[in-house]
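Chemist: prediction below, plus the sequence it came from.
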Amino acid sequence: MYSPDQNTKKEYIMAFKKLINFKTLSSAFAAMLLFTTNMVMAQDTAQTATTLSTDDAAKSAMWIGVGYYVLLVLLLAVIIGIVGKILRVYDLTQQIQGKKSMNWNNILGVMFIIFLIVGLYGAYWSFTVQGAMLLPEAASIHGVKTDTMFYVTFGITVTVFVITQILLFGFSFRYRATGKRKAYFYPHNNTIEKIWTVVPAIVLTILVITGFFTWKEITNSVDAKGSPASIDIDVTGHQFAWELRYPGKDGKLGAKNYRLVTGTNKLGINYQDKHSFDDLAADTLVIPVNKSIRLNILAQDVIHSVYMPHFRLQLNAVPGLPTFFKFTPTITTADMRSKVDNPKFEYLLYCNKICGGGHYNMQKVVRVVTDAEYNQWLSKQKPYLNDQLKKELKMADNGQTKQAAPNRLALNN
Ligand SMILES: [Cu+2]
């Protein structure tokens, strides 16, 4: 016999069956499986950690870390799913008992607003946290221009981001469905289309053209007439170090030839060129402040990249494709130390191409000093042509006999 009571019970059972359906069970099972595997793996690592090298231990630690976050996201998804189902069951029981059911339109509308506020706060929070990690002010003339472009682009995109997010979520809330209102069908408006096509097109064109001219100005710099020539410094990348070569008293770097490269003559300096004899080898990239510097960028094996972030300078070092970057440092290391309030601050030269296993090790200290300090430092640097190399080239001790090694030098022609 049929009774309304029995019907209610049936609805309850149906709803709970829905709650514990196949999808929920299988996702819970998958999460459990992941969790247990993770636990076992963690124990495994703990047991074998002593026998593993630090590299391997770091690797498994990383994977356990990744597994943990994947699991966390899955767990969150399952919890949200379960809460949703519970709410649905609650809603159904309300309906069955003849009470007013939940207003999902209002709930979703409010959730949109919460998401907007939390999301915008999150963006602001990330600025406050990561903003402190920004590089200090640019330490080169062209770097200031690069920074200006960066901040202009940043300002425009952040403004557009905030406005569009407010419109997107605000509209979803303001015009949410109600019983009284029917959605207005508004598929097309030419005026709006024109505005949101033309305005970004103009803004982007201005940004791109400004970027193009700035880059042209940076890379096409020619020594002005009458002013002293740039200081030429060779920066040669190989796996896994940078070799530096400074010109000697003549101010000119001697010629190179890759066919002359040996264990001792690492850069393949050609000693048929008289400019080569006084060239200097250095460990630190020391440069005088407010002087034009020309870095000749070379690579001997794979692609490396000269990256000096404090000077907003980066250029790839490509084998067989010598190139250069000209810049003028404007802040000495000492001044920058007081600016960033860190007595240990050093400018650095990195490799910015993942060029192999020892890539992380391609780091050199860059020191910007006064003119006097630079000259003093330069006078202490050792000549590239050391005794071992002289011996290899069968040079006499006075180092001037060009005929001493005819076979090697002949390769140059
Ligand atoms: Cu490299």
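Modeler: Now that the structure is in, tell me what you want to look at.

Chemist: per the record, what domains does the protein have?
Modeler: Split into domains by automatic domain parsing, the chain comes to 1-102, 103-222, 231-410.

Chemist: which of those domains is buried the deepest?
Modeler: Greatest average neighbour count among these goes to domain 231-410 (a mean of 17), per mean count of other Cβ atoms under 10 Å. Placement of C-beta: from N, CA and C, glycine included.

Chemist: how about it, does it reach the ion?
Modeler: Yes - Domain 231-410 is in contact with the ion by Cβ under 5 Å from the ion, via 304, 351, 355, 362.

Chemist: centre of the chain versus that domain, how much separation?
Modeler: Its chain's C-alpha centre and that of domain 231-410 lie 26 Å apart, by Cα atoms, centre = their mean, to the nearest Å.

Chemist: what average pLDDT does that domain get?
Modeler: Across domain 231-410, pLDDT averages out at 83.

Chemist: quick one: what helix or strand has K194 in it?
Modeler: helix 190-219 (DSSP states H and E).

Chemist: tell me the SS of T153?
Modeler: helix (DSSP: H, G, I helix; E, B strand; the rest coil).

Chemist: same question for R367.
Modeler: Classified using three-state DSSP, R367 is strand.

Chemist: next one: it from the ion, what distance?
Modeler: According to Cβ to the ion, to the nearest Å, R367 and the ion sit 21 Å apart.

Chemist: for the stretch 101-250 of the chain, which segments are assigned as helices?
Modeler: Using DSSP state H, counting those that start in this stretch, the helices found in the stretch 101-250 of the chain span residues 104-130, 141-174, 190-219.

Chemist: what angle do helix 141-174 and the first one make with each other?
Modeler: Put plainly, it is helix 104-130. Here the directions of helix 104-130 and helix 141-174 differ by 160 degrees (axes from the mean of the first three to the mean of the last three Cα atoms, to 10 degrees).

Chemist: same for helix 104-130, what does it pack against?
Modeler: Using 3 or more Cβ pairs under 8 Å, 6 or more residues apart in numbering; DSSP states H and E as the contact test, the elements touching helix 104-130 are helix 141-174.

Chemist: please name the residues that touch T178.
Modeler: Taking Cβ atoms under 8 Å, 6 or more residues apart in numbering, we find T178 in contact with N105.

Chemist: do K364 as well
Modeler: 242, 244, 283-285, 348-349.

Chemist: these in strands, which ones?
Modeler: Using DSSP state E, 242, 244, 285, 348-349 are the members of these that sit in strands.

Chemist: which pair of the residues you listed spans the longest distance?
Modeler: The most widely separated members of the ones in strands among the contacts of K364 are L244 and L348, with 13.8 Å between them, by Cβ to Cβ.

Chemist: pipe the residues of domain 231-410 next to the ion into a markdown table and attach distance to M111 and secondary structure per row.
Modeler: Below are these laid out as a markdown table (distance: Cβ to Cβ, whole Å; DSSP: H, G, I helix; E, B strand; the rest coil):
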| residue | distance to M111 | secondary structure |
| --- | --- | --- |
| H304 | 50 | strand |
| C351 | 47 | strand |
| C355 | 48 | coil |
| M362 | 49 | coil |
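
Chemist: nearest to M32 among these?
Modeler: Minimum distance to M32 across the residues of domain 231-410 next to the ion is 43.3 Å, recorded for C355 (Cβ to Cβ).

Chemist: I figured that closest one was touching Q300, is that so?
Modeler: No - with contact defined as Cβ atoms under 8 Å, C355 does not reach Q300; the gap is 11.1 Å.

Chemist: between the two, what contacts are shared?
Modeler: Common contacts of C355 and Q300, defined by Cβ under 8 Å, 6+ apart, comprise G237.

Chemist: all strands of this structure, in order?
Modeler: Listed in chain order, the strands of the chain (DSSP E) span 231-238, 241-246, 280-282, 285-288, 293-299, 304-308, 313-317, 323-327, 347-351, 363-369, 382-383.

Chemist: partner strands of the last one and their direction?
Modeler: Strand 382-383 has these partner strands in its sheet, going by DSSP bridges: strand 280-282 (antiparallel).

Chemist: can you lay out the helices of the stretch 101-250 of the chain as a markdown table showing mean pLDDT and distance to the ion?
Modeler: Listed next are the helices of the stretch 101-250 of the chain as a markdown table, based on pLDDT from 0 to 100; distance: least, Cβ to the ion, whole Å:
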| stretch | mean pLDDT | distance to the ion |
| --- | --- | --- |
| helix 104-130 | 91 | 26 |
| helix 141-174 | 92 | 22 |
| helix 190-219 | 92 | 21 |
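
Chemist: dump those into CSV; add distance to V78 as well.
Modeler: Shown next, in CSV, are the helices of the stretch 101-250 of the chain (distance: least, Cβ to Cβ, whole Å):
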stretch, distance to V78
helix 104-130, 19
helix 141-174, 26
helix 190-219, 40
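
Chemist: among the ones you listed, which comes closest to D91?
Modeler: Going by Cβ to Cβ, the one of the helices of the stretch 101-250 of the chain nearest D91 is helix 104-130, 8.2 Å.

Chemist: so how far is that closest one off the chain centroid?
Modeler: Put simply, helix 104-130 sits 27 Å off its chain's centre (Cα atoms, centre = their mean).

Chemist: now stretch 148-166
Modeler: Relative to the mean C-alpha coordinate of its chain, stretch 148-166 is positioned 20 Å out (Cα atoms, centre = their mean).

Chemist: L116 contacts F169, doesn't it?
Modeler: Yes - using Cβ under 8 Å, L116 is in contact with F169, at 3.7 Å.

Chemist: ok so, going back, out of the residues of domain 231-410 next to the ion, flag the one nearest to L25.
Modeler: Nearest to L25 among the residues of domain 231-410 next to the ion, counting by Cβ to Cβ, is C355 at 49.6 Å.

Chemist: so which of the helices of the stretch 101-250 of the chain gets nearest R181?
Modeler: helix 104-130 (10.0 Å).

Chemist: OK, contacts around the closest residue to the ion within the stretch 101-250 of the chain?
Modeler: Scanning the stretch 101-250 of the chain for the residue nearest the ion gives G237, at 5.4 Å (criterion: Cβ to the ion). G237 makes contact with 243, 297-300, 304-306, 317, 351, 355, 362 under the criterion Cβ under 8 Å, 6+ apart.
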